[in-house]
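K.L.:
Return atomic coordinates for the entry below.
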Amino acid sequence: MNFKIVKASPAQYDSIISLIRTVYNSMLQADWFAADNDEYTREMLSSGKGTAFIAIEEKTAALAAVFMVTYPGHSDENLGLDIGLSADSLSLVAHMDSAAVLPAYRGHHLQRRLMEHAENYLCSKGYRYLCCTIHPENKYSLNSALSLGYEVKTTCEKYGGYLRAVLMKELSL
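P.N.:
Residues are numbered from 1 along each chain as shown. Below is the predicted model:
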């Protein structure tokens, strides 16, 4: 299979929300994926506080995967606070928020490819610190992030009590 990775358009937001819900409902370890609710996802994308990148299978034009990026600014949610970044640096933080790959398309490294695409986009926008959270036992996502140069900075409870490793990658500008 071949995939095209693009920045999502508003016309695709409903499909993205549906894909995230489908992936979450099919997970065996649901606590590994802190799926955002439909309202949050729509608000992040519609307000410009987030961006989605999608993988489309070229032959069928099927939506295969999505990767969400959010921009926390100086909010209390900024993962830079968890890892000790200075107040001046918080505006340079982007969250590599969530990845969802439909089961039929797993094994094609879509999470990694989407993250790389998002990184290039964020670098062009002047972001310097890319942060994400991953359940410490989710070897697939953890290994994907580590292979891209992310480093585990701390492990703590996030999202209402879920244990998460907080990772960061510093982009060179």
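
K.L.:
ok, what's across the strand from residue 5?
P.N.:
The bridge-partner assignment for residue 5, based on DSSP bridges, gives residue 55.

K.L.:
can you tell me how far it sits from residue 65?
P.N.:
Using C-beta to C-beta, to the nearest Å, residue 5 is found at 9 Å from residue 65. (Glycine included, C-beta is placed from N, CA and C.)

K.L.:
if you count what's nearby, which of those two comes out ahead?
P.N.:
Just comparing residue 5 and residue 65: by other C-beta atoms under 10 Å the higher neighbour count belongs to residue 65, 25 against 17.

K.L.:
my read: that one touches residue 55, true?
P.N.:
Yes: Residue 65 lies in contact with residue 55 (C-beta atoms under 8 Å); the separation is 4.2 Å.

K.L.:
so what sits against both of residue 5 and residue 65?
P.N.:
54, 55, 114 (C-beta atoms under 8 Å, 6 or more residues apart in numbering).

K.L.:
so what's residue 97 closest to, chain neighbours aside?
P.N.:
residue 68 (4.2 Å; C-beta to C-beta, 6 or more residues apart in numbering).

K.L.:
For the protein, give me the ranges with low pLDDT.
P.N.:
Along the chain, segments meeting pLDDT under 70 span 27-36, 173.

K.L.:
returning to that earlier point: between the shared contacts of residue 5 and residue 65, which sits nearest residue 167?
P.N.:
residue 114 (15.9 Å; C-beta to C-beta).

K.L.:
does that closest one count as helix, strand or coil?
P.N.:
helix (DSSP: H, G, I helix; E, B strand; the rest coil).

K.L.:
Fine, thanks again, bye for now.
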